[in-house]
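>>> Structure for the following, please:
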Amino acid sequence: MDEWVRIAQLDQLPDGRGVRVDAFGHRIALFRLGEAVYALADRCSHAEASLSEGEVFEDEIECPRHGATFNLATGEALTLPATKPQQKYDVKIADGDVFLALQEAS
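Here you go, the predicted structure:
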């Protein structure tokens, strides 16, 4: 069962860039776009590069290693060489804090 875990303060996340966080055994890439926050697994499904180090284009993140892109909201792989989606995490924002729905990684 997922548990809501406080991850960050919204105003401490850079707008339009990724940040890596580690929580409950998960390596997560957080992306703030204005008042919205998206969370994906931080290892690219193609070659395990850190997506938090990639470049954000509107609602997509580009993997810094081979240029595959993923939808930030769904984790869907949008371009080759990636063909598998990224795990996405549910996010909620309350009183300026960012929470993720997590369970202990196995």
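>>> how about the spatially closest residue to residue 33 that is not a sequence neighbour, phi and psi?
Once flanking residues are discounted, residue 33 sits nearest to residue 16: 6.5 Å by C-beta to C-beta, 6 or more residues apart in numbering. Where C-beta positions appear, they are placed from N, C-alpha and C, glycine not excepted. The phi/psi pair for residue 16 (degrees, to the nearest 10) reads phi 80, psi 10.
>>> How many neighbouring residues does residue 16 have?
Other residues lying near residue 16 total 13 when counted by other C-beta atoms under 10 Å.
>>> ditto for the one 4 residues further on
Other residues near residue 20 come to 13 when the count uses other C-beta under 10 Å.
>>> Pretty sure it sits against residue 26.
No - if you go by C-beta atoms under 8 Å, residue 20 and residue 26 don't touch, sitting 10.7 Å apart.
>>> circling back to that earlier point, could you list every residue that touches the residue nearest to residue 33?
For residue 16, the contacting residues are 32-33, 56, by C-beta atoms under 8 Å, 6 or more residues apart in numbering.
>>> and if you look at residue 28?
7, 20-22, 39-42, 89, 100.
>>> Just to be sure, it is in a strand?
Yes - under DSSP: H, G, I helix; E, B strand; the rest coil, residue 28 sits within a strand.
>>> which residues does it bridge with?
residue 21, residue 41 (DSSP bridges).
>>> gap between it and residue 94?
18 Å (C-beta to C-beta, to the nearest Å).
>>> same question, residue 70
From residue 70 to residue 94 the distance is 26 Å (C-beta to C-beta).
>>> mind checking the end-to-end distance for stretch 61-80?
13 Å (C-alpha to C-alpha, to the nearest Å).
>>> residues making contact with it?
18, 29, 31, 33, 38, 40-41, 44-47, 49-51, 53-57, 59-60, 81-88.
>>> ok, of the residues you listed, which come out buried?
Neighbour counting with 16 or more other C-beta atoms under 10 Å marks 18, 29, 31, 33, 38, 40-41, 44-46, 49-51, 53-54, 56, 60, 82, 85-86, 88 as buried within the contacts of stretch 61-80.
>>> Done for today, thanks.
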